[in-house]
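Undergrad: Okay, sequence plus prediction incoming.
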Amino acid sequence: MLGLRKRSKPAGEVSVSRREETKFRDVRIFLVERKMGRSRRSFLTQLARSKGFTVEDFLSETVTHVVSEDRQPSSLWPWLKASSLRNLSMKQVLDISWFTDSMRDGRPVPVETRHLIQDSWTEVSSPAPAMVSQYACKRRTETENHNKMFTDAFEVLAENYEFSEMEGPCLAFRRAASVLKSLPSAVESLRAAQDLPCLGEHTKAVMEEILRCGRSFEVEKILSDERFQTLKLFTSVFGVGPKTAEKWHRRGLRSFSEVLAEPSIHLNRMQQSGFLHYGDISRAVSKAEARAVGNIIDEAVRAITPDAMLTLTGGFRRGKEFGHDVDLIVTAAEPGREQNLLSEIIDSLKKQGILLFCEYQASTFDTTKLPSHRFEAMDHFAKCFLILRLEGSRVDEGLHSAEGDSRNWRAVRVDLVSPPADHFAFTLLGWTGSRQFERDLRRFARLERRMLLDNHALFDKTKKEFLTATTEKDIFDHLGLEYIEPWQRNA
């Protein structure tokens, strides 16, 4: 039927329609006719445009992805160089397999080494450095990480610096990891990473050692360090932060049993629940379990107020299959209705007998105190931190249980926040993450646009006014940024 509709319209009308439906504005494809043929090229062009891709009729400076069925560099590259494009080195020259993979998924798939058609004298490397921004909010980062051997090492180093309260080096390694996660292929030589942003001498030295030896001796030393192991163990408990973990370590405590047996240590309610349910809440939560939790909360919300809206955020909104907890935003269309919404949800969960722990924080939101000048200020909306009993019968794909666990339920960590409806877009953007994406988004707003952004609002310091937004895209538009989908924010 789709083919009949195409034939019933003039070619010019079809072209206009397809361009109006463009979804992926940062990807502009040119299909090389050599070895493809005119009719096949025409068919593939219409197919791509029907799926929201932009396909250029001519090879020009605006093209980002050159797709060819001719995989021979010796014949393809001389033809490309003869086109005299000024920025040819910045374009992705790809095999037709990338195109077919993208058509199958309905979106541009990450470029892998197998997709690349390299010039015969060009070393296989990452994309041209000029294409990689220093800001995570200008990079598209999906869940697939082609440089895990580097980023895993950087995360260990960053965490070690965090335990030592050395914010500068900690942030430097997290920024470096974020850049490498965004690359569409693996870095196979230090030369390939030489001009990438956010990679300092220390990070490059670690990469060089991994490339040469297959491991980082500095990272191995940290992982075997008794203090690092103890702090990592203690901070894995719900309610225990680095400062508390450090205090316990200095007192000579090295295990959970020693902490629990120490009479002078008085655990707060959150920490007590953290130890009580440690086996469950230290284990990953599956996407199916997150959906089941969302359904439970949604049923409670609908019984309270039908016009309320519940949204799953965090890593699951970014396309991850597993996470450490479930983050949800709930709000109501009626102004002020959100103020008591969480309390009523908590009462409903108590009546169902599934609330294992609850810490409620009332709203301290005050519009007169905006904009916030604190770079990563926690939002001031009403929120609650919960542990729920999730029955296996509520999960379509069954519980993600530990081996040998025969129970038909598990404890799951849940965070709920309830902003006013007119601040929902800012809260959704902030709670979706990732942490580095949000940090760079706020840094970009402050340094490049003279604006202040947080989970509450966006303030233009030049115009001295707040900018309204009903969607996340409105916020990107205010900042002059191309919209990045949630599944591309895994920085």
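TA: Nice, I can see it.
Undergrad: Looks to me like residue 388 is in a strand.
TA: Yes: counting by DSSP: H, G, I helix; E, B strand; the rest coil, residue 388 is found in a strand.
Undergrad: Return the set of residues that bridge with it.
TA: residue 355, residue 412 (DSSP bridges).
Undergrad: For burial, what's the neighbour tally of it?
TA: Neighbour count of residue 388, defined by other CB atoms under 10 Å: 23. Where C-beta positions appear, they are placed from N, C-alpha and C, glycine not excepted.
Undergrad: Tell me who's in contact with it.
TA: By CB atoms under 8 Å, 6 or more residues apart in numbering, the contact list for residue 388 reads 293, 296, 349, 354-356, 411-412, 414.
Undergrad: Next: residue 239.
TA: Residue 239 touches 267-268, 270-271, 273-274, counting by CB under 8 Å, 6+ apart.
Undergrad: which of the residues you listed are buried?
TA: 267, 271, 273-274 (16 or more other CB atoms under 10 Å).
Undergrad: Could you dump these into JSON lines with secondary structure added?
TA: Shown next, in JSON lines, are the buried ones among the contacts of residue 239 (three-state DSSP):
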{"residue": "267", "secondary structure": "coil"}
{"residue": "271", "secondary structure": "helix"}
{"residue": "273", "secondary structure": "helix"}
{"residue": "274", "secondary structure": "helix"}
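Undergrad: now those residues in a markdown table, with distance to residue 392?
TA: A markdown table is the format used below for those (distance: CB to CB, whole Å):
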| residue | distance to residue 392 |
| --- | --- |
| 267 | 29 |
| 271 | 27 |
| 273 | 21 |
| 274 | 23 |
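Undergrad: so which two of these are the farthest from each other?
TA: 267 and 273 (9.3 Å; CB to CB).
Undergrad: ok, residues contacting the longest helix seen in the chain?
TA: For the chain, the helix with the greatest residue count under DSSP state H is helix 287-304. Applying CB under 8 Å, 6+ apart, the external contacts of helix 287-304 come out as 308, 310, 312, 316, 320-323, 326, 328, 330, 341, 344-345, 348-349, 352, 354, 388, 390, 394-400, 410, 412, 414, 416.
Undergrad: go on, stretch 90-110?
TA: 23-24, 27, 29, 31, 36, 44, 47-48, 51-53, 63-69, 71, 76-77, 80, 85, 111-112, 114-119, 127-128, 130-131, 142, 144, 146, 184.
Undergrad: among those residues, which ones are buried?
TA: 24, 27, 29, 31, 36, 44, 48, 51-53, 63-69, 76-77, 80, 85, 111-112, 115-117, 119, 127, 142, 146, 184.
Undergrad: Let's see which of those residues end up in helices.
TA: Counting by DSSP H, those contribute 44, 48, 76-77, 80 to helices.
Undergrad: any idea how the protein splits into domains?
TA: 2-122, 137-222, 225-276, 280-491 (automatic domain parsing).
Undergrad: ranking the contacts of residue 388 by neighbours, who comes first?
TA: Busiest of the contacts of residue 388 [other CB under 10 Å] is residue 412, holding 26 neighbours.
Undergrad: ok, that residue - contacts?
TA: Here residue 412 is in contact with 280-281, 285, 289, 293, 325-326, 387-388, 390 (criterion: CB under 8 Å, 6+ apart).
Undergrad: Among those, find me the one that's closest to residue 445.
TA: residue 325 (27.3 Å).
Undergrad: Next, the contact list for the closest residue to that closest one other than its chain neighbours, please.
TA: Nearest residue to residue 325 in three dimensions, chain neighbours excluded: residue 413, at 3.7 Å (CB to CB, 6 or more residues apart in numbering). Shown in contact with residue 413 (CB under 8 Å, 6+ apart): 238, 281, 285, 324-326, 385-387.
Undergrad: Turn the residues you listed into CSV, columns for pLDDT.
TA: Formatted as CSV, the contacts of residue 413 follow (pLDDT from 0 to 100):
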residue, pLDDT
238, 97
281, 96
285, 97
324, 95
325, 97
326, 98
385, 97
386, 98
387, 98
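Undergrad: Including distance to residue 453, could the residues you listed go into a markdown table?
TA: Rendered in a markdown table, the data for the contacts of residue 413 read as follows (distance: CB to CB, whole Å):
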| residue | distance to residue 453 |
| --- | --- |
| 238 | 29 |
| 281 | 31 |
| 285 | 29 |
| 324 | 26 |
| 325 | 24 |
| 326 | 25 |
| 385 | 24 |
| 386 | 28 |
| 387 | 31 |
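Undergrad: Among the residues you listed, name the buried ones.
TA: Of the contacts of residue 413, these count as buried by 16+ other CB under 10 Å: 238, 281, 285, 325-326, 385-387.
Undergrad: Tell me which two of those residues sit farthest apart.
TA: 285 and 385 (14.7 Å).
Undergrad: which strands and helices sit next to the helix or strand residue 310 falls within?
TA: Residue 310 is part of strand 308-312 when elements are defined by DSSP states H and E. If you count contacts as 3 or more CB pairs under 8 Å, 6 or more residues apart in numbering; DSSP states H and E, strand 308-312 packs onto helix 287-304, strand 326-332.
Undergrad: Can you name the element that comes right after that strand?
TA: By DSSP H and E, the next helix or strand past strand 308-312 is helix 314-317.
Undergrad: re the thing from before, now the buried ones among the contacts of residue 413 as TSV including distance to residue 216?
TA: Converted to TSV, those look like this (distance: CB to CB, whole Å):
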residue	distance to residue 216
238	30
281	31
285	30
325	30
326	34
385	36
386	39
387	37
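Undergrad: out of those residues, who's nearest residue 135?
TA: The closest of the buried ones among the contacts of residue 413, once distances to residue 135 are taken by CB to CB, is residue 325, at 27.2 Å.
Undergrad: What separation is there between that closest one and residue 99?
TA: The spacing between residue 325 and residue 99, counted by CB to CB, to the nearest Å, is 38 Å.
Undergrad: got it, and residue 418?
TA: In terms of CB to CB, residue 418 sits 45 Å off from residue 99.
Undergrad: pLDDT below threshold where in the stretch 51-200 of the chain?
TA: Residues of the stretch 51-200 of the chain meeting the criterion pLDDT under 70: 119-130.
Undergrad: What are the buried residues along the longest helix of the chain?
TA: Quick answer for helix 287-304 (16+ other CB under 10 Å): 287-294, 296-298, 300-301, 304.
Undergrad: just stretch 193-205 next, same as before
TA: 193, 196, 198-199, 203.
Undergrad: now swap in stretch 73-91 and tell me
TA: 73, 76-77, 80, 85, 88, 91.
Undergrad: and what of stretch 142-154?
TA: For stretch 142-154, by 16+ other CB under 10 Å, it's 142, 145-147, 149-151, 153-154.
Undergrad: Counting neighbours, which bits of whichever strand or helix holds residue 344 end up buried?
TA: Counting by DSSP H and E, the element that carries residue 344 is helix 341-352. Using 16+ other CB under 10 Å as the test for burial, helix 341-352 gives 341-342, 345-346, 348-349.
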